[in-house]
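Engineer: dropping a prediction and its sequence here:
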Amino acid sequence: MIDVRDLYSDYRKYLNKEITVQGWIRSHRKQKEFGFIDFNDGTYQKNLQIVYDNKLTDFDSISKLKLGSAITVKGTLIESEGNQDFELKASYVKLEGDCMDDYPLQSKGRPTREFLREIAYLRPRTNLFNAIFRVRSVAAYAIHKYFQDNGYVYFHAPIITASDCEGAGEMFQVTTLDLDKVAKNGKVDYSKDFFNKKSSLTVSGQLQAETFALAYKKTYTFGPTFRAENSNTKIHACEFWMIEPEIAFCDLEGDMDIMEDMLKYIVKYVLDNCKEEMDLFDKFVEKGLIDKLTKLINSKFTRIDHKDVIKILKEAPVKWEFEPEYGEDIAKEHEKYITEYFNGPVFIKNWPKDIKAFYMKQNADGKTVAAVDLEVPGAGELMGGSQREESYEKLVKRMEELNMDKSSLDWYLNLRKYGGCVHSGFGMGFERLLIYLTGVDNIRDVIPYYRTPGNCDY
């Protein structure tokens, strides 16, 4: 059995030899005396053209094969007289799985992405989504390869947790309590719940990963995270994947070094190993995508303080929809301007303390924390990280300022008492990265089965 990928890798090795392939019919052009089948087995972006003629005893039945059907084909690989280098001249075609006439992916017209979301279980059979999910697979491998090759330990963060890493409260609750009884009683007794306490799906594996960083020096998580945020934008989902490294004996500058190195590695790996897919995106999704990504690989990322970014924005000859202010977050329009201003990716560091998470290293000025966001051209924020607060006293004080429950995070605080050290980390949403890599601008189209408010199909 031969994969189509093998043929495109070195078709001359198989020329004038009999081979067998198995896969699906993408299109079928029937003539009176011969026919052409565009065949795809899922192993390569391009199709294999299969040619058959009326010399075959079952010519009539082959000519009736429908779009989407699964088939086994035996034949001789020959050089093509058409646009492609080679084609398979069939000597035997067996129907493995028929396809109904109401198959939604007919060859006439190009289905919209909105329509394909309604039949998400068939999306990988289209050229676009076949390319998207192959890039997703290759990018995931590149992430693991980068960290494994650099001596990181892969840490599996818990999915169910009692800790709210971000402190925002936007967590999906996990319970075995009878909700009808809870509604009648009007109160919840969590001591009767499965874990004897209020439990939720994780929004981040960061806090737990820090415990491993202080044992292994370098660790990373890469897994699903959940956020009960009622947002219907193109870049938000309730279930998404996160890459979260944590590194001991590493300050903010070292953190940025790793962020830059990792991103360049992943982008280059995808460009090198998904050439057909990237060409498709560059041609049909985002013109100039490959040039954009190549430029990123060759760029030196700018590093600039938040206050200096605000100064640049305030002095810019632009009428802003949202006026930039010291001590506040920046908007999408500001992110776009600042990457254009520096003509490349920008690390914005040392953010106002009051708009960042409790665990971030407090700077000597008492107003900012050692946090960083990476802004990239065409996408805005792609990663966020920080040096973590290693001082037990400062961390406790900050949690008290925010009225946080310290008892549920006593284990996290204890890290500062039992051999703690300077350490840093960052997070990158995998789907945000895929949006950047493919040019496909909706998170619903870069994750196989998306979970957004009101959507939990499949």
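Structural biologist: Perfect, I can see it now.
Engineer: who are the contact partners of the residue nearest to residue 8 when sequence neighbours are not counted?
Structural biologist: Spatial nearest neighbour of residue 8, excluding adjacent residues (C-beta to C-beta, 6 or more residues apart in numbering): residue 44 at 5.4 Å. All C-beta spots, glycine's among them, are computed from the backbone N, C-alpha and C. Contacts here follow C-beta atoms under 8 Å, 6 or more residues apart in numbering; on that basis residue 44 touches 3-5, 7-8, 276.
Engineer: and the pLDDT for residue 44?
Structural biologist: In this model, residue 44 is scored at 96, pLDDT.
Engineer: how close does it sit to residue 274?
Structural biologist: Relative to residue 274, residue 44 is positioned 11 Å away (criterion: C-beta to C-beta, to the nearest Å).
Engineer: what do you get for residue 219?
Structural biologist: Applying C-beta to C-beta, one obtains 28 Å for the distance of residue 219 from residue 274.
Engineer: which stretches in the chain count as helices?
Structural biologist: Along the chain, counting by DSSP state H, helices occupy 4-9, 59-63, 113-118, 127-149, 179-185, 206-216, 252-273, 275-284, 289-297, 306-315, 332-341, 392-401, 410-414, 430-438.
Engineer: how many residues are close by residue 443?
Structural biologist: The burial count assigned to residue 443 is 20, neighbours taken as other C-beta atoms under 10 Å.
Engineer: that one reaches residue 450, doesn't it?
Structural biologist: Yes: A contact is recorded between residue 443 and residue 450 when judged using C-beta atoms under 8 Å, the distance being 6.8 Å.
Engineer: mutual contacts of these two, please.
Structural biologist: Taking C-beta under 8 Å, 6+ apart as the contact rule, residue 443 and residue 450 both touch residue 237.
Engineer: pLDDT below threshold where in this structure?
Structural biologist: Under the criterion of pLDDT under 70, the regions of the chain flagged as low confidence span 165-169.
Engineer: skip the chain neighbours and tell me the closest residue to residue 280.
Structural biologist: In this structure, residue 280 finds its nearest non-sequential neighbour in residue 131, 5.1 Å apart by C-beta to C-beta, 6+ apart.
Engineer: so how many other residues sit close to the residue nearest to residue 245 when sequence neighbours are not counted?
Structural biologist: Residue nearest to residue 245 in three dimensions, not counting chain neighbours: residue 220, with 4.1 Å by C-beta to C-beta, 6+ apart. Counted with other C-beta under 10 Å, the burial measure for residue 220 works out to 26 neighbours.
Engineer: what residues are bridge-paired with residue 220?
Structural biologist: Going by DSSP bridges, residue 220 is paired in beta bridges with residue 154, residue 245.
Engineer: return the distance of it relative to residue 253.
Structural biologist: Between residue 220 and residue 253 the distance, using C-beta to C-beta, works out to 19 Å.
Engineer: ok, now residue 185?
Structural biologist: Taking C-beta to C-beta as the criterion, residue 185 is separated from residue 253 by 54 Å.
Engineer: got it, and residue 114?
Structural biologist: As judged by C-beta to C-beta, residue 114 and residue 253 stand 44 Å apart.
Engineer: same drill for those two, tell me which one is more crowded.
Structural biologist: Looking at residue 114 and residue 253 with other C-beta under 10 Å, you find the greater number of neighbours at residue 253, namely 14 against 10.
Engineer: then stretch 303-311 to PDB, C-alphas only?
Structural biologist: Written as PDB, here are the backbone C-alpha positions of stretch 303-311 (Å, rounded to 0.1, in the frame of the first residue of the first chain):
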ATOM      1  CA  ARG A 303      11.800  45.700  23.700                       C
ATOM      2  CA  ILE A 304      10.200  48.800  25.200                       C
ATOM      3  CA  ASP A 305       8.500  49.800  28.500                       C
ATOM      4  CA  HIS A 306       4.800  50.300  28.600                       C
ATOM      5  CA  LYS A 307       5.100  53.900  29.600                       C
ATOM      6  CA  ASP A 308       7.300  54.600  26.600                       C
ATOM      7  CA  VAL A 309       4.700  53.000  24.300                       C
ATOM      8  CA  ILE A 310       2.000  55.200  25.700                       C
ATOM      9  CA  LYS A 311       4.300  58.200  25.100                       C
END
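Engineer: flag every buried residue along it.
Structural biologist: 304, 306-307, 309-310 (16 or more other C-beta atoms under 10 Å).
Engineer: any chance of those in TSV, plus distance to residue 430?
Structural biologist: Conversion of these to TSV gives the following (distance: C-beta to C-beta, whole Å):
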residue	distance to residue 430
304	26
306	26
307	31
309	26
310	30
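Engineer: if we can go back for a sec, residues touching the residue nearest to residue 245, list them.
Structural biologist: Contacts were defined as C-beta under 8 Å, 6+ apart; by that measure residue 220 touches 147, 152-155, 209, 243-246.
Engineer: cool, residue 327 as well?
Structural biologist: When contacts are counted by C-beta under 8 Å, 6+ apart, residue 327 is found next to 352, 354-355, 367.
Engineer: let's see it at 7 Å
Structural biologist: Taking C-beta atoms under 7 Å, 6 or more residues apart in numbering as the definition of contact, the neighbours of residue 327 are 352, 354.
Engineer: can you give me phi and psi for it?
Structural biologist: The main-chain torsion angles of residue 327 are listed as degrees, to the nearest 10 and equal phi 80, psi 0.
Engineer: measure it to residue 320 for me?
Structural biologist: If you measure residue 327 against residue 320 using C-beta to C-beta, the figure is 16 Å.
Engineer: residue 345 now?
Structural biologist: 22 Å.
Engineer: who has more neighbours, the two?
Structural biologist: Taking other C-beta under 10 Å, residue 345 and residue 320 do not tie; residue 345 has more neighbours (23 against 13).
Engineer: just checking, the more buried one touches residue 296?
Structural biologist: Yes: look at residue 345 against residue 296 with C-beta atoms under 7 Å: they come within range, at 6.3 Å.
Engineer: what touches both of these two?
Structural biologist: residue 376.
Engineer: could you identify which of the helices of the chain is most buried?
Structural biologist: The highest mean neighbour count among those, using mean count of other C-beta atoms under 10 Å, belongs to helix 430-438: a mean of 23.
Engineer: who's in contact with it?
Structural biologist: Applying C-beta under 7 Å, 6+ apart, the contact partners of helix 430-438 are 132, 135-136, 139, 235, 237, 240-243, 267, 270, 281, 285, 376, 379, 382, 441, 443, 446-447.
Engineer: again, but for stretch 407-417
Structural biologist: Defining contact as C-beta under 7 Å, 6+ apart, one finds that stretch 407-417 is touched by 162-163, 207, 210-211, 214, 390-392, 395-396, 406.
Engineer: in JSON lines, list those along with distance to residue 413.
Structural biologist: Listed next are the contacts of stretch 407-417 as JSON lines, based on distance: C-beta to C-beta, whole Å:
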{"residue": "162", "distance to residue 413": "15"}
{"residue": "163", "distance to residue 413": "12"}
{"residue": "207", "distance to residue 413": "11"}
{"residue": "210", "distance to residue 413": "11"}
{"residue": "211", "distance to residue 413": "12"}
{"residue": "214", "distance to residue 413": "13"}
{"residue": "390", "distance to residue 413": "11"}
{"residue": "391", "distance to residue 413": "11"}
{"residue": "392", "distance to residue 413": "6"}
{"residue": "395", "distance to residue 413": "6"}
{"residue": "396", "distance to residue 413": "7"}
{"residue": "406", "distance to residue 413": "7"}
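Engineer: I am finished for the moment; much appreciated.
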